[in-house]
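Show me the folded form of this:
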Amino acid sequence: METVADDVRTNLRESVRAGARNRPGIYRMLSETGVVLYVGKSKRVRTRLLSYFRAKREEKAWRIVREARAIDWEYTPSEFASLLRELELIKAHRPPYNVRQKRDGLYSFLKITRGPAPTLRVVRRVNDESALYFGPLRGGRRIADAVKELNDVLLLRDCRQATPIRFADQEDLFGSELTPLCSRFELDRCAAPCAGRCTEGEYLNRLRQARAFLEGTDDEPLRELTSRMEDAARRMEFEHAASLRDRLTRLEVLRAEFTRLRAAIEELTFLYVVPGAEGDHRVYAVRSGSIRGVYDAPRTARERRRLLASAERHYREPEPLARIASRGRADEMLLVAQWFRNRPIERERAYPAESWSNLPLRGRLNAQEVA
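As a prediction, this is how the structure comes out:
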């Protein structure tokens, strides 16, 4: 005898058999109250959904179907489009059965906070619209050590964001002298904005130096440590010189990672032509690894000129590194980078600015085999 749950699964399976088609798309598993339990994607939606009903009890797919009371799906032009749509829906609904992608643990971001004395710190996620972020960065512990070194060289605070700040140029009605809240001031590693040992302007200038170093326009932190190291060597303080050399190496690691980041971001800037199911071909304006615009593939040379004129606006203005990894773009950047890393042949459909005139027309795409 079938249980209620078995009856529900039977009805869901029959609805998939009757209504779903084998073309790219996304699907949602819904609870009885309409809560999105899971979002998935597939190049062949019907086949993928039917596989859930063959899952064994120890499998995640079986647990999802056991709780689901409805399934809906929508088609997309291509697998690439379904990947982007899946990410959009996961971010919107945060389904309990969608775990964070494994790539989240492989990358980090450098965050410049807001407030009267901003801090520079390494984080795993981009989740604060008011802050500036650099990344994604590889290296984990090495990046954290390098950022600590940058803070130490430029005397930036690394304490809690909520630490009270009292700059030297702030009025103090009681004329009291504050004591720095940690030992970094005594070690010449912090300007101590918590105790009025620097002005706001002095502190923000140090922060500007840090940002310029990260963006590759100022090497002052490297010059500072190099000068100290050479002075120590001249005084025959070889142990101290070796310590400074190690600190310099950590900063050079950070500089190298940012050089790699700029190159990787530049590589992910192009128009990407994606043939679609049933002739639904698209052109994606990709800049720095995020999607800035989506266009129908042009049918004629005139349509191509119009598309290029429209797409050009996405590339017109320069973008500082700190504007690229915004909250809305960070996950997409990782997704797009992974897409091209796993499918290097797709690079053949990527057209940098110098080859836009070769962008194919729809007729050529119609002749290609489409998944």
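
burial of the closest residue to residue 178 other than its chain neighbours, as a residue count?
Using CB to CB, 6 or more residues apart in numbering and skipping residues adjacent in sequence, the residue nearest residue 178 is residue 195, 3.9 Å away. Quick note: C-beta positions are derived from backbone N, CA and C, even for glycine. Neighbours of residue 195 under the rule other CB atoms under 10 Å: 20.

next one: the one 10 residues further on
Using other CB under 10 Å, the number of residues around residue 205 comes to 12.

before we move on, what SS does it have?
helix (DSSP: H, G, I helix; E, B strand; the rest coil).

Distance of the residue positioned nearest the centre of the chain relative to residue 315?
Nearest to the geometric centre of the chain sits residue 330, at 2.1 Å (CA atoms, centre = their mean). When distance is defined by CB to CB, to the nearest Å, residue 330 is 20 Å away from residue 315.

next one: residue 258
22 Å.

The two - which one has more neighbours?
residue 258 (21 against 18).

From what I see, the more buried one and residue 136 are in contact.
No. In this structure, residue 258 is not within contact of residue 136 by CB atoms under 8 Å, at 11.6 Å.

rewinding a little: chain neighbours aside, what residue packs nearest to the residue nearest to the centre of the chain?
residue 126 (3.9 Å).

and that neighbour, that's in a helix?
No. Counting by three-state DSSP, residue 126 falls outside a helix, being coil.

Count the neighbours of it for me.
So residue 126, with other CB under 10 Å, has 20 neighbours.

what's downstream of the helix or strand of the chain with the lowest mean pLDDT, the next helix or strand?
Least confident element among the helices and strands of the chain, by mean pLDDT, DSSP states H and E: helix 321-324 (a mean of 76). Per DSSP states H and E, the first helix or strand lying C-terminal to helix 321-324 is helix 330-342.

Return the set of buried residues in that following helix.
330-337, 339-340 (16 or more other CB atoms under 10 Å).

Put the alpha carbons of that helix into PDB.
The C-alpha coordinates for helix 330-342 follow below in PDB (Å, rounded to 0.1, in the frame of the first residue of the first chain):
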ATOM      1  CA  ALA A 330      32.000  38.300  -6.400                       C
ATOM      2  CA  ASP A 331      30.200  34.900  -6.700                       C
ATOM      3  CA  GLU A 332      29.600  35.500 -10.400                       C
ATOM      4  CA  MET A 333      33.300  36.200 -11.000                       C
ATOM      5  CA  LEU A 334      34.200  32.900  -9.400                       C
ATOM      6  CA  LEU A 335      31.500  31.100 -11.400                       C
ATOM      7  CA  VAL A 336      32.600  32.500 -14.700                       C
ATOM      8  CA  ALA A 337      36.300  31.900 -14.000                       C
ATOM      9  CA  GLN A 338      35.500  28.300 -13.100                       C
ATOM     10  CA  TRP A 339      33.400  27.900 -16.300                       C
ATOM     11  CA  PHE A 340      36.300  28.900 -18.600                       C
ATOM     12  CA  ARG A 341      38.900  27.000 -16.500                       C
ATOM     13  CA  ASN A 342      36.900  23.800 -16.900                       C
END
